[in-house]
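A.B. asks: What would the 3D arrangement of this be:
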Amino acid sequence: MANSRLQATRKAREVHRVNIQRSLEHRLQVARAQGNESLIRQLEAEMKYFG
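C.D. replies: Prediction:
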């Protein structure tokens, strides 16, 4: 029981991390398309944190 709960928790954390990474990648693409250098730097820093 505890083992399956631990596995579910780990899986949820991984899914959450992947979703954050996808969101950051999309936001970075948009920032680059707009030429927003300040936002690009901020998002790249966030990607390093979550990467």
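A.B. asks: switch to C-alpha atoms for all contacts and neighbour counts from now on
C.D. replies: Fine.
A.B. asks: per-residue confidence averaged over the lengthiest helix in the chain?
C.D. replies: Identified as the longest helix of the chain according to DSSP state H is helix 2-34. Helix 2-34 comes out with an average pLDDT of 95.
A.B. asks: Any buried residues in it, and which?
C.D. replies: 20-21, 24, 28, 31 (16 or more other Cα atoms under 10 Å).
A.B. asks: ok, now stretch 31-50?
C.D. replies: 31, 39-40, 43, 47.
A.B. asks: Among those, which one lies nearest to Ala12?
C.D. replies: Of all the buried residues of stretch 31-50, Ala12 sits closest to Met47, with 19.1 Å by Cα to Cα.
A.B. asks: does that closest one belong to a helix or a strand, and which?
C.D. replies: helix 37-50 (DSSP states H and E).
A.B. asks: how far out from the middle of the chain is that helix?
C.D. replies: 11 Å (Cα atoms, centre = their mean, to the nearest Å).
A.B. asks: How about exporting that helix as PDB, limited to the C-alpha atoms?
C.D. replies: Below are the C-alpha coordinates for helix 37-50, written out as PDB (Å, rounded to 0.1, in the frame of the first residue of the first chain):
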ATOM      1  CA  GLU A  37      14.700  39.900 -24.300                       C
ATOM      2  CA  SER A  38      13.900  40.600 -20.600                       C
ATOM      3  CA  LEU A  39      11.300  37.800 -20.600                       C
ATOM      4  CA  ILE A  40      13.500  35.500 -22.500                       C
ATOM      5  CA  ARG A  41      16.200  35.800 -19.900                       C
ATOM      6  CA  GLN A  42      13.700  35.300 -17.100                       C
ATOM      7  CA  LEU A  43      12.200  32.200 -18.700                       C
ATOM      8  CA  GLU A  44      15.600  30.700 -19.500                       C
ATOM      9  CA  ALA A  45      16.500  31.100 -15.800                       C
ATOM     10  CA  GLU A  46      13.300  29.400 -14.800                       C
ATOM     11  CA  MET A  47      14.100  26.500 -17.200                       C
ATOM     12  CA  LYS A  48      17.500  26.000 -15.600                       C
ATOM     13  CA  TYR A  49      15.700  25.900 -12.200                       C
ATOM     14  CA  PHE A  50      13.200  23.300 -13.300                       C
END
